[in-house]
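Peer 1: Need a 3D model of the sequence below.
(chains A, B, C, D, E and F)
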There are 6 protein chains.
Amino acid sequence: MTETPPRITVDGRVGPVNASLVPRFVGPATFARLPRPDEVSDVDVAVVGVPFDAGVSYRPGARFGPSHVRESSRLLRPYNPALDVSPFARQQVVDAGDLAVNPFSIDEAIKQVQAGADALLERAGRLLTIGGDHTIALPLLRSMHRKHGPVAVVHFDAHLDTWDTYFGAAYTHGTPFRRASEEGLIDRSGCMHVGIRGPLYGAADLTDDVELGFSIVRAVEIEDIGSRGVVERIRARVQERPVYVSVDIDVLDPAFAPGTGTPESGGLLSRELLAILRSFSTMNLVGADIVEVAPAYDHAEITGIAASHAAYELLSAMALTGQPT
Amino acid sequence: MTETPPRITVDGRVGPVNASLVPRFVGPATFARLPRPDEVSDVDVAVVGVPFDAGVSYRPGARFGPSHVRESSRLLRPYNPALDVSPFARQQVVDAGDLAVNPFSIDEAIKQVQAGADALLERAGRLLTIGGDHTIALPLLRSMHRKHGPVAVVHFDAHLDTWDTYFGAAYTHGTPFRRASEEGLIDRSGCMHVGIRGPLYGAADLTDDVELGFSIVRAVEIEDIGSRGVVERIRARVQERPVYVSVDIDVLDPAFAPGTGTPESGGLLSRELLAILRSFSTMNLVGADIVEVAPAYDHAEITGIAASHAAYELLSAMALTGQPT
Amino acid sequence: MTETPPRITVDGRVGPVNASLVPRFVGPATFARLPRPDEVSDVDVAVVGVPFDAGVSYRPGARFGPSHVRESSRLLRPYNPALDVSPFARQQVVDAGDLAVNPFSIDEAIKQVQAGADALLERAGRLLTIGGDHTIALPLLRSMHRKHGPVAVVHFDAHLDTWDTYFGAAYTHGTPFRRASEEGLIDRSGCMHVGIRGPLYGAADLTDDVELGFSIVRAVEIEDIGSRGVVERIRARVQERPVYVSVDIDVLDPAFAPGTGTPESGGLLSRELLAILRSFSTMNLVGADIVEVAPAYDHAEITGIAASHAAYELLSAMALTGQPT
Amino acid sequence: MTETPPRITVDGRVGPVNASLVPRFVGPATFARLPRPDEVSDVDVAVVGVPFDAGVSYRPGARFGPSHVRESSRLLRPYNPALDVSPFARQQVVDAGDLAVNPFSIDEAIKQVQAGADALLERAGRLLTIGGDHTIALPLLRSMHRKHGPVAVVHFDAHLDTWDTYFGAAYTHGTPFRRASEEGLIDRSGCMHVGIRGPLYGAADLTDDVELGFSIVRAVEIEDIGSRGVVERIRARVQERPVYVSVDIDVLDPAFAPGTGTPESGGLLSRELLAILRSFSTMNLVGADIVEVAPAYDHAEITGIAASHAAYELLSAMALTGQPT
Amino acid sequence: MTETPPRITVDGRVGPVNASLVPRFVGPATFARLPRPDEVSDVDVAVVGVPFDAGVSYRPGARFGPSHVRESSRLLRPYNPALDVSPFARQQVVDAGDLAVNPFSIDEAIKQVQAGADALLERAGRLLTIGGDHTIALPLLRSMHRKHGPVAVVHFDAHLDTWDTYFGAAYTHGTPFRRASEEGLIDRSGCMHVGIRGPLYGAADLTDDVELGFSIVRAVEIEDIGSRGVVERIRARVQERPVYVSVDIDVLDPAFAPGTGTPESGGLLSRELLAILRSFSTMNLVGADIVEVAPAYDHAEITGIAASHAAYELLSAMALTGQPT
Amino acid sequence: MTETPPRITVDGRVGPVNASLVPRFVGPATFARLPRPDEVSDVDVAVVGVPFDAGVSYRPGARFGPSHVRESSRLLRPYNPALDVSPFARQQVVDAGDLAVNPFSIDEAIKQVQAGADALLERAGRLLTIGGDHTIALPLLRSMHRKHGPVAVVHFDAHLDTWDTYFGAAYTHGTPFRRASEEGLIDRSGCMHVGIRGPLYGAADLTDDVELGFSIVRAVEIEDIGSRGVVERIRARVQERPVYVSVDIDVLDPAFAPGTGTPESGGLLSRELLAILRSFSTMNLVGADIVEVAPAYDHAEITGIAASHAAYELLSAMALTGQPT
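Peer 2: Predicted coordinates:
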């Protein structure tokens, strides 16, 4: 009774469970029904979950994000026509499961995430991390920096996440990119926020943000420039730098992502986000995360499906960019 | 206690219950509160439900689609300003109820749908069918073909639905248009998919699809060409052919249609779908269906209302195109 | 235990509770966590709720709208980067609570709303009212007229709301603007509907509407002209007139506003609505309302958040336009 | 296409649609899929809906109650083993549809309900009414009184509904039984509330209630005396009097009936309510209503199914008690 | 990155993931976070899912039951104080995953379930199966019979499930126990239904049922005899026979199990079901299933948690009864 | 516009807003619409919220509990017939709002809760606290101990909450009563758990628990002894000691309290809990809390209403027991 499910294997790369033999609603929900690491020999990309949400300032629940995104990924098929690539055939992708981090200590959790990411990168060329709240971007960037030096962060979010402290806490879901900039983890000449909107604490938030290394594409601009225009802005900013993409699902409008912790009206459409993410297939994409999916507020997996498709486009982009440099 | 409710009657055509006398939440929910066939003499268009979902590969529940779309249609009023037409005054539209088909046998159900459609077309000039899952498009196309010969199908969907078999089953919701093409029911020079997106099994899906007679407008193209551009593409493809329109509600983004069985992120906006459907008012529209509404996953009738408006636009288009040729 | 919560005070204007000391989920939900009138000396703008829905023709529940919009406004921060203004620092905004009106008598409720609005305007320069159903726009316009004479109404809605009677009732949520026009409360040369869509009773609805003083931007036009185009149309119509903005939340598509009473498919995106509302910062904005939020049909505050952001943009616009003339 | 669906007919009585030929999710949802009046010759019992909720003091929405209870009744089968009776074979039961009453005027609606009930009783021996809010019990009792003289009301509810006025309104969902008592419609020596619980305005509520003719079985007593004990109390109170049963669905605990307007914790279990209702099979049951189902607050038809089963037990009891005296 | 999670191991039996090291919301949801078969040497009990629902007559969706019950089982801890047993320490329990069966062919699926169960029983002493709809009880009983000869079935359900055919289909979720009785799989002198309620097709349903080998404890009786009384009735009926327990979750009232396909009001409380299931610890329990959990209709895992606790009590009972005879 | 709403005042005690003048859905939701402390002179009982949930081990969200319970308390009326007392007339009850505690530091939050409770008890005789997660019971007991010495805790819960550490954290929602016992805050001869059920980590949990000072009434026993039996057990254990009541809402079955963080099947009925809580009217009740309401998992306020009624019974009991000794 322990036999491995039938899988689609191409060029020696072990892919998803074969849906023509095993219905999509059958069996455990690894991401896209991909194999676990122990089912393969080499690993190019590891999908890993970080079920952690102690850094959330409003609606909690992103601790259930990884399992929800996985359940919402059962319908993903192996060929991406938009990029003309089979992301699981061109590279070996696995679902490495979840990092078990301390739910009661932000400080310890940050260390555990970094240790977990470092360990995974011993074996895998790249990580795609599913959160969890945005606090985890800091240890992930530490791990990225350890491998790649300062990276250009392209950050999709309604919020800047470059605030300083909150209730005296330096490490929360509102601060990862300030800390990362202070720690020298990011390349201040190449970072960018996409999708910013909604009220801020003050005009100084914006000036601080510039100093920390970010330029901004605001959500409202997309009506004018379209996803093509956003891609041009990203490309001009990032150029050849190693790019780390961090997607807070609240970059989407609440209609497209109700299941999140700090929703803001006026966001992106899902097709805009997906189109923009595809553009990383021609950049030097070294890693990515998708965070802040809070399933208790989702309905019919609207948010989970959007997140799983975002992950799929990022994996496809990784397949096309080859090994990170 | 059996008196007929007061109805809006124009030019001898019996229309919806009069909402200024009977509140919209009162009485049975026929589509748009239209009369049953036994309340009228002639019938131009029959709205008919097919509560069947045994052909679904993922989330079932479209068997409850017809009653849900009807409940969601209570707010429809008699005049369509976008097309400047009163669809229930220009033609006699009735709600012919549901076809009772076998829930345990796809094969028998397909026969029953065809027989039911054939019988309805004895009396009605055109059908607008509410599914049910997409399996039912095959027997409906058989019935169309019987009356009109090969038709140009314009198919709104996230998926191609030209796959071959699934678990050895040749007749499921993923295969109707391959079967229809194989059976010669459709005009291979004039068919088209609109709204395709999301992963496929492989690149061959697309080449097969071309051979089966379809061209494609992908969802991602709509950001560039707009609904006007889509209409031009449809018109160029379809020309004067008799057109059958098949709307899988998952052509809409999950934000606009959470209540469906195989949702894919990155879909159409509802206003785009409605605008495109209006264009059939100047084509030779011979029949239509709206399928894959799965109410258990809907919320506040978001999906049901979108489907009911799609139906309303198609009925309006039928009113303007006159009797099918 | 009665001490006032710590607030952000700028230039003597008492603003929201300080979120760096009191988490956003703590304490009572006044709008944007603003002070009550008794906590300040002068009042520029009063936010006031009217929990009333006896005028609803379909889904009731807007009586719970004010408390829902307030709960959904906890995340609003004090600086609006889109307009580069701090709306609570440039003017004194308070949450004046709810008007207690008779739930069983539309006639009495209308009088109570008018009396309540008149009383508030004794102290406050402007009102932003949260409904409640659209019936309340009539007494609010009476109060506006008393202070400003005939106003140009810019009305965001799927529906015209210029119908005559319904079940013999002259005062319902479908009639306020006909009554207002008949009573001379509005400037017939400067009024406008934005977002109209969906079926009507007949073509006469449109001709009546023109006579009553309204021009129309239909929802379907926005795909072509964008929110910029809408703003131009509004500005050309309204010019220097005193403007009253009335936002029925069903102007948004049901995907963006499921929690409402008479949803229509094909509506605006939230970012379009917000962009258009910002334009009133350069017009002569004398008052506004946001109505028809029915929380029982909302999910995860999608609708409530959209409404609270709409209110925030209107308050920001008021801050920039200075005292109404 | 207008043929009648196949029905189960016993002893000339036309029963539900045959579920072995037409699946339960097919076709319009009359109550228990029973015939309309025009499908039969004689009528013993008419099920009738009153979609009205303008008398509600808290959560509105019971206007959608009749259609929701009907949708929730699709699973009802024709034989009641608990009472060993086939309620649709022993008597002719029909679904007479809804009364269309004015949603904006309580006074006019009350007249319309009474007129409608009177008209139905011209043809049918008994009515089972589905609300709507509890306001409708007054005109129903007027109609009962007209036919039977003063009746003993057995009233299942969390609340007394013998309050006097609310906002000056004498006719609301909190007052029907005080008005009925004042008008002499009920037999003050034989009425009873079952399920009362939760806070009151004052001790005087109870003394008034006694004077108005009611004794009380409180919800908390049922843990001690069981449903058998409740039945004994009812029987002792009612004796041979003509009995009218009025079931406010909030007599059930919110766990069993979340979909209602003024829920109170600590209520009855559904099996207790059903067991008690069966006892009316040996009393002189002349009519009944089931009110206050508010579908917007229901989930998965929990409330609707409880209400439909309550109705089924009452119809079964009617079948066994023969024609009312 | 492939290391095994830390587990609680007692007496060589590999138990759940250690929740003091890995939070309960981390990692894949095997039942109770138990090991897979490949993580252990011997297997006493295998938990196995059968995601199949093509045999459903009303609300489909039980195909998602197995993954939902597993997600709802994350909180189960290793010691059962009610029976004073550690079910995962006294016997080796594993989660054997799901059987992949044909979603489009009831006949083929039945064969696949039987083959799967037979194969599992080669290695495991007993199975606890999570459905899926009740159709699967037939092949499971075939497999039981193959190993144990005729078994006494104790069947918890609102419905008899001994109907004959439906739409000509002999094998559906309404017929497994008639087929099993006809095939001689069950011991007609020892079978029993518990929790029966709601309407039937006719009185003959009951007489047929007796002939097929079942006695009945009706739901309504439990108010009188309590769960103790039910246990006495079961014990008297079953005696020393090998017992197979089949739990249709709709035996619970819809308040306790909204997430199911054919809900009936008036059902058991969850604590009654759990108390009764514990009694099998002193009978000869050879196997069990829990079926008809339809997650699309569940809320906050109410149904899933009830099902997971039912499973836990059955596993505890198995631990105490030792190897099946 | 700042006038105080009309209130019911009896014997100089300021009570709820008068619902015959201000509908229940109007105005801010203080608990039971009671006054704030600044609206009265003396305070007997202060209701206070603690929106904190960083100590939760599974589903978070109890930070939104206080506002949800307040919204769910709008229907509470001033007279409690079950205890024949008007709790707001016999004593001055106020809603003291929320304590603002650090969401990112359990240690700091615990200090803040204690400081907040101490400060409130300077003015108020007793506190009724609404959580928040169960972590807050520890600082509340410290505050109780400071005023009353060791108290007898009667703890309603599915869980013991006497575990030791979790992920090295000594202070979480699973440990308050162990810590309280270790600190000498509770009277080990008089404490009791009511409603315990579900699996434990091991048998030692129970022996530890006895040593820490608790006896147990398990949920399963209530079917046998009823709420009366539970009350006898409590009274025998507690006797004349000062009693602190701590209600974890998960003591109720998930059907009655879906909105909580660690639900366990087989729990109490709401009417049982309410009946038991009434018994404290004849004990020496010195304080109480109601915790673990997690609104994101609630539906239609089922859980919130149960919690608000539990609070109401405790306030009524306080009214009858007079000043704590």
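
Peer 1: does the closest residue to A:Leu83 other than its chain neighbours count as helix, strand or coil?
Peer 2: Taking Cβ to Cβ, 6 or more residues apart in numbering or on different chains as the measure, A:Leu83 lies nearest to A:Ser316, with 4.8 Å between them; neighbours along the chain are not counted. Every residue, glycine included, has its C-beta placed from N, CA and C. For A:Ser316, the reduced secondary structure class is helix; criterion used: DSSP: H, G, I helix; E, B strand; the rest coil.

Peer 1: and stretch A:66-79, how far apart are its ends?
Peer 2: Terminal residues of stretch A:66-79 lie 23 Å apart, using Cα to Cα, to the nearest Å.

Peer 1: If we go by neighbour counts, what in that stretch is buried?
Peer 2: A:66-79 (16 or more other Cβ atoms under 10 Å in any protein chain shown).

Peer 1: Also stretch A:281-297?
Peer 2: Residues of stretch A:281-297 classed as buried under the neighbour-count rule (16+ other Cβ under 10 Å) are A:281, A:283-297.

Peer 1: Also stretch A:177-184?
Peer 2: When burial is assessed from 16+ other Cβ under 10 Å, stretch A:177-184 yields the following buried residues: A:177-181.

Peer 1: Among those, which lie within helices?
Peer 2: Helix and strand membership here follows DSSP state H; of the buried residues of stretch A:177-184, those in helices are A:177-181.

Peer 1: if we can go back for a sec, from the buried residues of stretch A:281-297, pick the one nearest chain E.
Peer 2: Closest to chain E out of the buried residues of stretch A:281-297 is A:Ala296 (8.5 Å), distances taken as Cβ to the nearest Cβ.

Peer 1: Could you list the contact residues of chain A toward chain F?
Peer 2: Remark: the part of chain A in contact with chain F comprises A:53-55, A:57, A:59-61, A:63-64, A:102-106, A:166-169, A:172, A:296-297, using Cβ under 8 Å from any Cβ of the partner chain.

Peer 1: Out of the residues you listed, name the ones that lie in helices.
Peer 2: Judged by DSSP H, the residues of chain A next to chain F include A:Ile106 as members of helices.

Peer 1: Strands - which of the residues of chain A next to chain F land there?
Peer 2: Using DSSP state E, no member of those falls in strands.

Peer 1: quick one, what contacts A:Gly202?
Peer 2: C:78-79, C:86 (Cβ atoms under 8 Å, 6 or more residues apart in numbering or on different chains).

Peer 1: Could you find the closest non-adjacent residue to A:Pro66?
Peer 2: Leaving aside its chain neighbours, A:Pro66 sits nearest to A:Gly49 (2.8 Å; criterion: Cβ to Cβ, 6+ apart).

Peer 1: dump the residue contacts of the one you found.
Peer 2: The contact partners of A:Gly49, taken as Cβ under 8 Å, 6+ apart, are A:65-67, A:69-70, A:97-99, A:129-132, E:26.

Peer 1: Just give the number of residues close to A:Asp38.
Peer 2: A:Asp38: 12 surrounding residues under other Cβ atoms under 10 Å in any protein chain shown.

Peer 1: next one: the one 5 residues further on
Peer 2: Neighbourhood size, A:Val43 [other Cβ under 10 Å]: 21.

Peer 1: Output the lowest mean pLDDT helix or strand found in chain A.
Peer 2: strand A:7-10 (a mean of 93; mean pLDDT, DSSP states H and E).

Peer 1: Could I get the buried residue list for it?
Peer 2: In strand A:7-10, the ones that count as buried by 16+ other Cβ under 10 Å are A:7-8.

Peer 1: Next secondary structure after that strand?
Peer 2: Downstream of strand A:7-10, the next assigned helix or strand under DSSP states H and E is strand A:13-17.

Peer 1: Quick one: mean pLDDT for the helix or strand that that following strand is followed by?
Peer 2: Remark: after strand A:13-17, the chain's next helix or strand is strand A:43-50, criterion DSSP H and E. The average pLDDT for strand A:43-50 rounds to 98.

Peer 1: neighbouring contacts of the helix or strand just after strand A:43-50?
Peer 2: Moving toward the C-terminus from strand A:43-50, the first helix or strand encountered (DSSP H and E) is helix A:65-71. Taking contacts as Cβ under 8 Å, 6+ apart, the residues outside helix A:65-71 that touch it are A:29-31, A:49-51, A:53, A:95, A:98, A:130-132, A:259, A:290-295, A:298, A:301, A:303-304, A:307-308, A:311, E:25, E:28-29, E:67, E:71.

Peer 1: Centre of the chain to helix A:65-71, how far?
Peer 2: Distance of helix A:65-71 from its chain centroid, counting by Cα atoms, centre = their mean, to the nearest Å, is 13 Å.

Peer 1: Now tabulate the ones in helices among the buried residues of stretch A:177-184 in TSV and tack on pLDDT.
Peer 2: As requested, those are exported to TSV (pLDDT from 0 to 100):
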residue	pLDDT
A:Phe177	98
A:Arg178	98
A:Arg179	98
A:Ala180	98
A:Ser181	98
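
Peer 1: List just the nearest of the residues you listed to chain F.
Peer 2: Distance from chain F was checked for each of these by Cβ to the nearest Cβ. The minimum falls on A:Arg179, at 14.4 Å.
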